[in-house]
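Student: sequence and predicted structure are below.
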Amino acid sequence: MRPLRRAFTLIELLVTMAIISVLIGLLIPAVQRVREAASRIQCMNNLKQLGLALHTYHGVHGCFPPGLICSGSNVSDSEATGFTLLLPYLEGDNTYRIYHFDTPWHQPPNYEAVAVTVSLFFCPSNNRVQSWLDMGAIAAEWSTTLPPRAACLDYAFCKGTNGSLNPNYKRWPSETRGVFIIQRPDSRESGTRIIQISDGTSTTFAIGDAAGGTPSYLVRDLTNPDQPTLDFTGQFAMIEQCWSAGGAGDPSHPWYGSVFAVTAQYGLGPDPRDEPMNRRPATPSIAGNDPFGDNRTGRDLISGFRSLHPGGCNFLFCDGSVRFVAENIQPATYRALSTIAGGEVVDVDF
């Protein structure tokens with residue numbers, strides 16, 4: 001007779017399933033950590049490419065590009081952004097050639113260009129809802145004409161420690177200025193020069209993470225900062241920005257990010273009004289017509305840096321290096337890293 005085969009008992013089966021469940025439970029977080037590590041490295045590579053583009057632009061024009069090119073008083077009607085100017089150095093020549101710099105970004109001649117998505121402008125850690133902003137509903141809300149869609153981005157130029165969007169950058173307190181400023185169309189070659197970064201290029205932010213289009217970063221209610229706000233559709237507003245646009249709303253439309261980001265809204269003592277990294281809900285960018293340039297009234301706001309990388313953000317520095325900066329960095333150090341001539345001494349091991 002052939003011997004009978006012994007089957008698993010119920011207890012043995014349950015123990016085996018429990019062991020497998022534990023192993024899977026250990027494996028999934030490990031896979032997620034590896035995936036995030038790879039995404040963070042790819043994000044750093046994106047920033048390195050942007051750094052090469054910035055320095056190539058500086059070599060050609062003798063300065064870094066302005067953050068915004070704006071001929072009027074409303075930055076939302078700007079003609080172009082620094083990201084637009086970098087397109088030829090990011091293999092975006094075709095988009096650059098069809099862009100009309102003599103007219104605001106949202107006018108019909110620029111409809112085709114502003115809809116072009118640039119893969120380098122997206123952080124791989126950000127699981128976006130979509131890579132472009134549907135402008136139809138926004139146009140209806142504002143009762144104006146806008147392009148059907150505008151391509152987005154996940155990075156922002158460092159403006160320093162002051163949220164003023166006064167178009168005359170010379171009115172911004174010099175000790176609060178970052179690398180990127182607002183310039184008129186006829187002066188795009190008078191942006192910040194490396195020689196002006198007296199705090200040191202290796203300890204001065206140029207560009208950082210600014211995740212958009214994700215429910216991880218809803219927009220904060222201006223009257224109740226700990227709570228998210230609703231947009232005009234009645235949904236929670238997700239912060240978002242586009243590479244072609246200034247992006248600032250007004251107090252009645254406080255839902256958007258910007259091509260700028262700051263580390264503080266005022267930047268002067270005794271209360272600099274710090275803008276923490278990875279703030280949730282996120283601060284919207286608001287053009288509130290700051291009349292002074294130093295944002296003492298707090299009418300203007302600019303969003304802070306933010307990412308989906310656990311514990312901090314990636315930053316491109318003005319020397320072309322890229323570093324991960326922890327979100328628990330000391331506020332004074334964080335502010336110091338964002339200005340070009342604040343005179344602060346920063347420990348290289350920040």
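Tutor: Alright, I've got the coordinates.
Student: please enumerate the strands of this structure.
Tutor: Counting by DSSP state E, the chain has these strands, from start to end: 68-69, 80-81, 132-134, 149-151, 155-160, 182-183, 205-209, 220-221, 224-228, 260-262, 312-317, 322-326.
Student: from the ones you listed, which stretch is densest packed?
Tutor: Greatest average neighbour count among the strands of the chain goes to strand 260-262 (a mean of 31), per mean count of other CB atoms under 10 Å. No exception for glycine: its C-beta is placed from N, CA and C like everyone else's.
Student: report all helices and strands that it contacts.
Tutor: Packing partners of strand 260-262 (3 or more CB pairs under 8 Å, 6 or more residues apart in numbering; DSSP states H and E): strand 155-160.
Student: shaky segments in the stretch 1-150 of the chain?
Tutor: 1-8, 10, 12-13, 23-34 (pLDDT under 70).
Student: what about the helices in it?
Tutor: Along the stretch 1-150 of the chain, counting by DSSP state H, counting those that start in this stretch, helices occupy 10-61, 82-86, 93-98, 111-114, 136-142.
Student: can I get these in CSV including distance to A264 and mean neighbour count?
Tutor: Listed next are the helices of the stretch 1-150 of the chain as CSV, based on distance: least, CB to CB, whole Å; neighbours: other CB atoms under 10 Å:
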stretch, distance to A264, mean neighbour count
helix 10-61, 22, 14
helix 82-86, 21, 25
helix 93-98, 33, 14
helix 111-114, 30, 20
helix 136-142, 29, 14
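Student: which of those helices sits closest to F324?
Tutor: helix 10-61 (7.0 Å; CB to CB).
Student: what is the burial count for the closest residue to E275 other than its chain neighbours?
Tutor: Leaving aside its sequence neighbours, E275 sits nearest to G304 (CB to CB, 6 or more residues apart in numbering; 4.0 Å). G304 sits with 26 neighbouring residues when counted by other CB atoms under 10 Å.
Student: now G304: how far from G269?
Tutor: Applying CB to CB, to the nearest Å, the value for G304 to G269 is 20 Å.
Student: quickly list what the residue most central in space within the chain is bridged to.
Tutor: Closest to where the C-alpha atoms of the chain average out (CA atoms, centre = their mean) is A210, at 2.5 Å. A210 has these beta-bridge partners by DSSP bridges: R306.
Student: that one against D154, yeah?
Tutor: Yes: using CB atoms under 8 Å, A210 is in contact with D154, at 6.1 Å.
Student: who wins for proximity to G59 among the strands of the chain?
Tutor: strand 205-209 (15.1 Å).
Student: partner strands of that closest one, parallel or antiparallel?
Tutor: Short version: by DSSP bridges, strand 205-209 pairs with strand 155-160 (antiparallel), strand 312-317 (antiparallel).
Student: export the ones you listed to TSV and tack on distance to F64 and mean pLDDT?
Tutor: Formatted as TSV, the strands paired with strand 205-209 follow (distance: least, CB to CB, whole Å; pLDDT from 0 to 100):
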stretch	distance to F64	mean pLDDT
strand 155-160	9	98
strand 312-317	12	98
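Student: pipe those into a markdown table and attach distance to N45 per row.
Tutor: Output for the strands paired with strand 205-209, formatted as a markdown table (distance: least, CB to CB, whole Å):
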| stretch | distance to N45 |
| --- | --- |
| strand 155-160 | 13 |
| strand 312-317 | 10 |
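Student: the ones you listed: which one's closest to L50?
Tutor: Of all the strands paired with strand 205-209, strand 312-317 comes closest under CB to CB, at 5.9 Å.
Student: quick one: residues in contact with the closest one.
Tutor: Residues outside strand 312-317 that contact it (CB atoms under 8 Å, 6 or more residues apart in numbering) are 40, 43-44, 47-48, 50-51, 54, 123, 201-209, 277-278, 305-307, 322-327, 329, 337.
Student: how many neighbours does S164 have?
Tutor: 33.
Student: next one: phi and psi at it?
Tutor: Dihedral pair for S164: phi -60, psi 130, per degrees, to the nearest 10.
Student: out of the strands of the chain, nearest to M17?
Tutor: Closest approach to M17 among the strands of the chain (CB to CB): strand 312-317, 38.6 Å.
Student: now find how far off-centre that closest one is within its chain.
Tutor: The chain centroid and the centroid of strand 312-317 are separated by 11 Å under CA atoms, centre = their mean, to the nearest Å.
Student: same deal with stretch 139-158?
Tutor: Distance, centroid of stretch 139-158 to centroid of chain: 14 Å (CA atoms, centre = their mean).
Student: OK, contacts around D250?
Tutor: By CB under 8 Å, 6+ apart, the neighbours of D250 are 286-288.
Student: gap between N224 and L165?
Tutor: As judged by CB to CB, N224 and L165 stand 23 Å apart.
Student: revised request: answer the last question for G191.
Tutor: G191 is 17 Å from L165, by CB to CB.
Student: so the two - more neighbours on which side?
Tutor: Comparing G191 with L165 by neighbour count (other CB under 10 Å), the higher total belongs to L165, at 31 against 23.
Student: I figured the more buried one hits R299, correct?
Tutor: No: between L165 and R299 there is no contact under CB under 8 Å: 9.1 Å.
Student: residue contacts, E275?
Tutor: Counting by CB under 8 Å, 6+ apart, the residues that E275 touches are 163, 262-265, 283, 302-304.
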